[in-house]
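Asks: How does the following fold in three dimensions:
(2 chains)
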Amino acid sequence: MSGLPIVLFDGVVYGMLLFLMSVGLSVTLGLMGVVNLAHGSFAAMGGFASVVLTSRFGVPFLLALPVAAAVTALAGAVLERTLFRRLYRRSALDQVLFTVGMIYVWIALGTFVWGAGQQAVQLPVFLQGQVELPGGYAVGRYRAFLLLVGAAVALAIFLGIERTRFGARVRAAQGDRDMASGIGIRVDRLFAATFALGAALAGLGGALSIPVLGLDPTFPLKYLVFFLIVVCVGGPGTVLGSLVAALAIGIIDVAGKYYAPEIGGFVIYALVLLILFWRPNGIVARA
Amino acid sequence: MTKTPAFPRRAAIGLEVLLWASFALAPLLAPDHLLLLSQVAVLALFAISLDILIGHAGITSLGHAAFFGIGAYGASLLALNGWEEPLSGLFLSALAAGLAGLAMAPLVVRVHGLAQLMVTLALALLLHEGASRWRAVTGGDDGLAGFMIAPVFGVFEFDLFGVTAYGYALAVTAAGFLLARLIAASPFGFALAGLRQNPQRMAAIGTAGRARLTQAYAISAFLAGLAGALLAQTAQSVALESLSLQRSAEVLVILILGGVGSRYGALIGAVVYVAMRDWLAAMSPQYWMGWLGLVMILVVLLAPKGIVGITRALAARLAGPRRPRGEAPARARPGERAA
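Replies: Here you go, the predicted structure:
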C-alpha cells in the first residue's frame, strides 16, 4: 500500500461498484420519475442470491454473477408490475415513504431468512491474492477484476443506450412520454423492461461488492446515501453523469478516509451540498 | 388533489376539545405510561413542525432531525454547563435550531424535488457526522446525560414518575400547536399556501417567494428544535440517534400516518405511532421496523391522506347529502382520483 496510485485505484474500483448499483436508479428516475429509495434492496438481493448459489448449491462464482443478475431482474419486473407502477403519478413524498417502508420490510425479511450477520462469498483461486502491475505496484486481483468488469458493463450500457433500438426507445420515452406512445412505443412494457434492467445491474453490483463492502441485511440502508448522491450529483437520467459522479465519489471517499480519516465523512457531504448549490439538476443536466 | 370535505364547524370544535381533554386526562387513565405519553407529546410537536414545511410551504425534507438534534443537544449542553432553568433553556435551544434553519434555508429553498430531499438529507448527515466526531462536546456515540433540570417556574420539580415531565411536554406542545395554527391562518400562511399551489402566479402578484419559504423553514426549524429540547429536558439525556436518518423518517411517518396539512394529523399520528411502536417492539423486538415498513407501504397505497383523511371521508359519507352551508359538494372532478 503506497500512496496516491493505490488510493486512486481503490477509489475507482469503489466508484465502479457505486456506478453499477445506482445507474439503474438514475435511469428509472429519469424515465419514470420514481424516487425509488429501495433500489439498494436489489443490490442486496443480488448479493444474497450469489451467496446462496455459491455456498448452498456450489455454483462457481463467475456463473453465480449472471444468475444473481437474472434473479434480481425477475424480481424487479414483478415488483414494477405489482407495486412501483402505482407510484408513478404520486408525489415524491409518497414515493419516499413507500420505498423507505420497503427498505424496512426488506431488512426484516433479510434478517429473518439469513440472520443479522455478515455474509461471505467464496472467491475462485484465480481471483485471490495480488497481481503485480508495471511500476512496482501490487493490487488485489479481485479489485483489478472489478475494474475490468465495471468498465465492460459501463461500456455496454453506453452502447446499449446510444446505439440500440431499445436505447432509442428509452431516450424517446424519457424525452416525451406521450409522444413516444403516440409513435407506437409500448411505454408500459418499456418501463418494466428498463426497471428490470436497472434491478439486474444493481443485483450484479451487489453480488460483486460482497468481498469489498460486505453484505448484511441493512445493506440497502447503509449505502442509500451513496446511491442518492450518485443520482443527484450526476443528474437523474444521465448514464454519463452517474459514471462521473460515482467515480468522483469513490475516489474522494477513499482518499478522504486514507489521508484525513478524522474528517472523512464531512468532505463528501459538504461537496454534495456545494455541487447541488452550483448545479441543482446535477453536473450533467439533461438536455 | 381532491379537497376532502371539512367537518361542520361545531363538530370540529367539539372534537378538538375532546382531543385536548383526553391528552390532559391521560395521566389519570394511564398513570403507568407517562413516559410513553411524554414521547407522544414530543413527537407530535416535531410532526407539527414538519407539517409547516410539507403541508404548508410545500418543502420536502428527509433531514428534519437536524433541527430536532440541535434543540436536544442545545438543551443538554446548557444544562450541563449550569443553565438548569427549563423554560429559558428550551427557548434558547429552539432559537439555536431556528437560526440554524435560517442559515441552511438558502441551500434548501432554491432546489426542488429529489435535489431538495438530497440537500436536506446531506445537511442532517453533516450534523450527525459532526456530533459523532466532536466527542469532547457532544459525547460522540454515547450522547450526553447526567445533567439536572431545575423545577419548572421554580415550583414543579421533575419527578421519577414523569408527572411534571408530561404536563410540561403537553403544555409546550399545545403552545406549538397554537402557534402553528396562528401561522396557518395568517397572511403569511396564505402566502405559503399560494406558493405551494402556484409559485408563478404568486411571483406575478409580487410575493417574495424565497423569502417566505426561508421564513417558513426557520419557523419550522425553531419548532423542531423545541421538540428536541423538550425530549432532552424530560429524558435528561440526549442520544446521537436524535440526529439520525431514522429520526427524520420517523417524523415523516407520523405526519403521513396522521394526515399532512392538518395539525390534528400530527397529534393523531403521534398517538398511533407511539402506541404501535410500543406494541410491535414488545411483540417482535427484532422485526418491529419491518412491521413499521409494512404500515408505511399500506398507508401510501390505501390511505394517502392519513387517518384524518379517512375520518373526514367517513364523516362526509355519514353526513350524507347534507353539506355544511356555503360549501360546494365535495365531488372529485373528472380526471382526479378520489381518496
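Asks: give the contact list for residue 91.
Replies: No chain specified, so I'll use chain A. Taking Cβ atoms under 8 Å, 6 or more residues apart in numbering or on different chains, we find residue A:91 in contact with no residue. From N, CA and C alone the C-beta is placed, and that goes for glycine too.
Asks: which non-adjacent residue is nearest the residue of chain B found nearest chain A?
Replies: In chain B, the residue that lies nearest chain A is residue B:290 (2.2 Å; Cβ to the nearest Cβ). Nearest non-adjacent residue to residue B:290, counting by Cβ to Cβ, 6 or more residues apart in numbering or on different chains: residue A:108, 2.2 Å away.
Asks: So that neighbour: helix, strand or coil?
Replies: When classified by DSSP: H, G, I helix; E, B strand; the rest coil, residue A:108 comes out as helix.
Asks: Can you give me the neighbour number for it?
Replies: For residue A:108, the count of nearby residues is 21 (other Cβ atoms under 10 Å in any protein chain shown).
Asks: ok, so what distance separates it from residue B:294?
Replies: Per Cβ to Cβ, to the nearest Å, residue A:108 is found 9 Å from residue B:294.
Asks: just the helices in the chain please.
Replies: I'll assume chain A. For chain A, applying DSSP state H gives helices covering A:3-32, A:39-51, A:61-82, A:92-114, A:141-163, A:165-175, A:177-182, A:187-213, A:219-222, A:224-234, A:239-259, A:264-278.
Asks: wait, chain B
Replies: Using DSSP H, helices in chain B cover B:9-29, B:34-51, B:65-80, B:86-109, B:113-133, B:135-138, B:163-185, B:187-197, B:199-204, B:209-235, B:245-258, B:263-283, B:288-302, B:306-319.
Asks: Most tightly packed of these?
Replies: Comparing the helices of chain B by mean neighbour count (mean count of other Cβ atoms under 10 Å in any protein chain shown), helix B:65-80 ranks first with a mean of 29.
Asks: ok, so what distance separates whichever residue of the stretch 101-250 of chain A sits closest to chain B from residue B:284?
Replies: Nearest to chain B in the stretch 101-250 of chain A, going by Cβ to the nearest Cβ, is residue A:108, at a distance of 2.2 Å. With distances defined as Cβ to Cβ, the gap from residue A:108 to residue B:284 amounts to 9 Å.
Asks: Flag the shaky bits of the chain, pLDDT-wise.
Replies: I'll assume chain A. Scanning chain A for pLDDT under 70 picks out the ranges A:1-2, A:264, A:285-287.
Asks: The intended chain is chain B.
Replies: By pLDDT under 70, the low-scoring segments of chain B are B:1-9, B:155, B:160-161, B:320-339.
Asks: ok, back up a step: am I right that the residue nearest to residue B:290 is in contact with residue B:287?
Replies: Yes: in this structure residue A:108 lies within contact range of residue B:287 using Cβ atoms under 8 Å: 4.5 Å.
Asks: looking at the helices of chain A, which is buried most?
Replies: Mean neighbours per residue, mean count of other Cβ under 10 Å, is largest over the helices of chain A for helix A:39-51, with a mean of 28.
Asks: Convert the C-alpha atoms of that helix to PDB, please.
Replies: In PDB, the C-alpha atoms belonging to helix A:39-51 read as follows (Å, rounded to 0.1, in the frame of the first residue of the first chain):
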ATOM      1  CA  HIS A  39     -33.200   0.500  -5.200                       C
ATOM      2  CA  GLY A  40     -30.400  -0.800  -2.900                       C
ATOM      3  CA  SER A  41     -32.600  -3.700  -2.000                       C
ATOM      4  CA  PHE A  42     -32.000  -5.100  -5.500                       C
ATOM      5  CA  ALA A  43     -28.300  -4.900  -4.900                       C
ATOM      6  CA  ALA A  44     -28.700  -6.700  -1.600                       C
ATOM      7  CA  MET A  45     -30.900  -9.200  -3.300                       C
ATOM      8  CA  GLY A  46     -28.300  -9.900  -5.900                       C
ATOM      9  CA  GLY A  47     -25.700 -10.300  -3.100                       C
ATOM     10  CA  PHE A  48     -27.800 -12.800  -1.200                       C
ATOM     11  CA  ALA A  49     -28.600 -14.700  -4.400                       C
ATOM     12  CA  SER A  50     -24.900 -15.100  -5.200                       C
ATOM     13  CA  VAL A  51     -24.200 -16.200  -1.600                       C
END
